[in-house]
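Participant: my questions are about this predicted structure, shown below with the sequence.
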Amino acid sequence: MIAKKNSFVALGSRLKGVPEVLTLGVKPNFLEYTLMERELILGAGVILFPTLNYAQFLTTLGKKIFPSLETYLYADEKIKQTTLFQMLGISHPRTKIYYHLHHQDILKDFTFPFVAKIPRCSARGRGVFKIDNRKELEEYLSLFRVAYIQEYLPHKRDLRVVLINYEPALSYWRISSSGDFRTNLSQGGKISFDDIPWQGVATAQDTARKCKLNDVGIDLINSQGRWYVIEANMKYGRKGLKMKGLDLKEILRKKLLSGELF
């Protein structure tokens with residue numbers, strides 16, 4: 001397998017089929033790559049979509065990668081995100097983490113209703129609960145030893161901003177369905193492209209830059225005139241892009257060829 005002149009090397013499949021990109025696939029053991037493939041990886045100017053595992057090693061070796069290591073480390077990790085947001089002074093709903101021995105402190109710090117989440121690897125609105133009473137709290141705590149508790153800010157819609165190399169590629173409202181506080185499309189939420197506020201987009205862009213998240217969907221809500229960053233998602237879905245007639249692979253390809261991707 002020989003890379004063509006000026007081709008780019010990828011491990012993950014996000015750009016599979018793009019003619020300028022040689023996608024090698026992700027192998028659990030580095031020595032499972034052929035000698036030629038290993039030379040391509042170690043000699044490439046940039047490695048695209050390396051996965052978290054290889055992103056760590058390649059960064060240690062001083063290799064340029066896309067997305068950033070931070071994107072892999074923090075996206076979809078709610079506890080890490082919350083700590084990072086707090087350290088960077090990013091506006092974020094009041095949130096605390098409680099390990100098993102401190103579950104009794106939750107009701108000292110929060111009043112009903114509040115939001116409880118699965119702290120790791122939850123997506124598409126699954127693992128997000130609105131807690132209205134003690135019984136619901138007990139049910140949640142019976143399932144998870146680590147509790148992720150967040151103040152509830154009433155809202156009927158949130159703003160998702162998709163950013164590629166810190167530049168907004170798409171922004172849209174996600175509007176909750178009747179009877180559900182979650183705005184996720186998989187939970188019945190709807191999309192609107194009307195009246196996208198530049199302040200929300202600017203907040204998302206500033207957050208992405210501060211956190212070094214360069215391939216991400218950032219969700220925000222506006223409460224009493226203030227923008228709050230809820231979370232950052234590396235798996236930000238494609239439905240909004242498709243509704244706008246956009247193809248993510250083509251967006252990435254154009255940015256790659258123009259040098260805008262890194």
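Facilitator: Arrived safely, thanks for sending. All values reported here derive from a predicted model rather than from experimental measurement.
Participant: now stretch 152-169: average pLDDT?
Facilitator: Averaged across stretch 152-169, pLDDT comes to 96.
Participant: quick check: end-to-end length of it?
Facilitator: End-to-end distance of stretch 152-169: 29 Å, with CA to CA, to the nearest Å as the criterion.
Participant: tell me which residues in it are buried?
Facilitator: Applying a neighbour-count criterion of 16 or more other CB atoms under 10 Å, the buried positions in stretch 152-169 are 152-153, 157-166, 168-169. Where you see a C-beta, it was placed from the backbone N, CA and C, and this is true even at glycine.
Participant: which two among these are spaced furthest apart?
Facilitator: 152 and 165 (33.7 Å; CB to CB).
Participant: thought residue 117 was touching residue 128, still the case?
Facilitator: Yes: Residue 128 is in contact with residue 117 according to CB atoms under 8 Å; the separation is 5.1 Å.
Participant: just the residues contacting stretch 226-233, thanks.
Facilitator: 74-76, 78, 81, 85, 90-93, 123, 153, 158, 199-200, 203-204, 207-208, 211, 213, 216-222 (CB atoms under 8 Å, 6 or more residues apart in numbering).
Participant: also stretch 80-97?
Facilitator: Contacts of stretch 80-97 (CB under 8 Å, 6+ apart): 73-75, 79, 106, 109-110, 115, 119, 146-151, 153, 203, 207, 210-211, 226-232.
Participant: pull out the buried positions in that stretch.
Facilitator: 81-82, 84-85, 90, 92-93, 95.
Participant: Serialize the buried residues of stretch 152-169 to CSV and add fields for distance to residue 37.
Facilitator: CSV is the format used below for those (distance: CB to CB, whole Å):
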residue, distance to residue 37
152, 50
153, 49
157, 46
158, 42
159, 42
160, 37
161, 36
162, 31
163, 31
164, 27
165, 26
166, 31
168, 35
169, 31
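Participant: filter these down to the ones in strands?
Facilitator: The strands, defined by DSSP state E, take in 157-164, 168-169 from the buried residues of stretch 152-169.
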